[in-house]
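J.: A structural model of the following input is requested.
(one chain, ligands or ions: 1)
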Amino acid sequence: MKEKKYVKLLAKAKEAAGNSYNKYSKFAVGSAVLCANGKIYAGTNVENASYGLTSCAERNALFNAVSNGETKIKAVAVWTKRGGVFPCGACRQVILELSQNADIIINKNDKDIIIVNIQELLPFSFSEIDLGLAAGKLKRQ
Ligand code: THU
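T.: The predicted model follows:
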């Protein structure tokens, strides 16, 4: 059962949310990325007085994984206190770039989790296929 294996991943995302630098929005987001080798990398949102420079939790977690040499990303968890918060559009694009079949795990509330596939969150996507590169694992619509 998928839910069970993602409990720890979501716990790591929650832990990362505790480090959120969110002095402008006061909105803490934590993310954790699961790699094929079982390793987990976390990230949180880091804001800036120049608002547009804010970096989302998901991208920070993904770039943390890549920066540590990971090439096979299986899942991305997102935790917020509110629950039911999905990755923003920019993060969806970056997730798809790095993992075409990623499971996205969201805390719905204190006990329930939601699992969706990145291709459900970003249909009709722009990808390497459009650039004439390898077909990858994306479904064409
Ligand atoms: N944020 C994330 O970290 N991830 C998302 O998917 C949505 C938004 C952050 C950015 C900003 O620090 C705060 O949440 C409010 O937008």
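
J.: and the protein, which of its residues are near the ligand?
T.: The interface of the chain toward the ligand, taken as CB under 6 Å from any ligand atom, is made up of 22, 25, 27, 29, 45, 47, 54, 56-58, 87-88, 91. All C-beta spots, glycine's among them, are computed from the backbone N, C-alpha and C.

J.: give me that answer again for 8 Å
T.: Contact residues (CB under 8 Å from any ligand atom) of the chain with the ligand: 20, 22, 24-25, 27-29, 31, 44-47, 54-60, 78, 85-88, 91.

J.: what about the residues you listed, which are in strands?
T.: The strands, defined by DSSP state E, take in S31, T44, V78 from the residues of the chain next to the ligand.

J.: any idea how many residues pack against A28?
T.: If you count neighbours by other CB atoms under 10 Å, A28 ends up with 20.

J.: my guess is it meets T44, correct?
T.: Yes. The pair A28 / T44 is scored as a contact, 7.2 Å apart, by CB atoms under 8 Å.

J.: what do these two both touch?
T.: By the contact definition CB atoms under 8 Å, 6 or more residues apart in numbering, A28 and T44 are jointly contacted by A17, G18, S20.

J.: among these, who's most crowded?
T.: Counting by other CB under 10 Å, top hit in the shared contacts of A28 and T44: A17 with 25 neighbours.

J.: give the contact list for it.
T.: Here A17 is in contact with A28, V29, G30, T44, A57, W79, T80, K81 (criterion: CB under 8 Å, 6+ apart).
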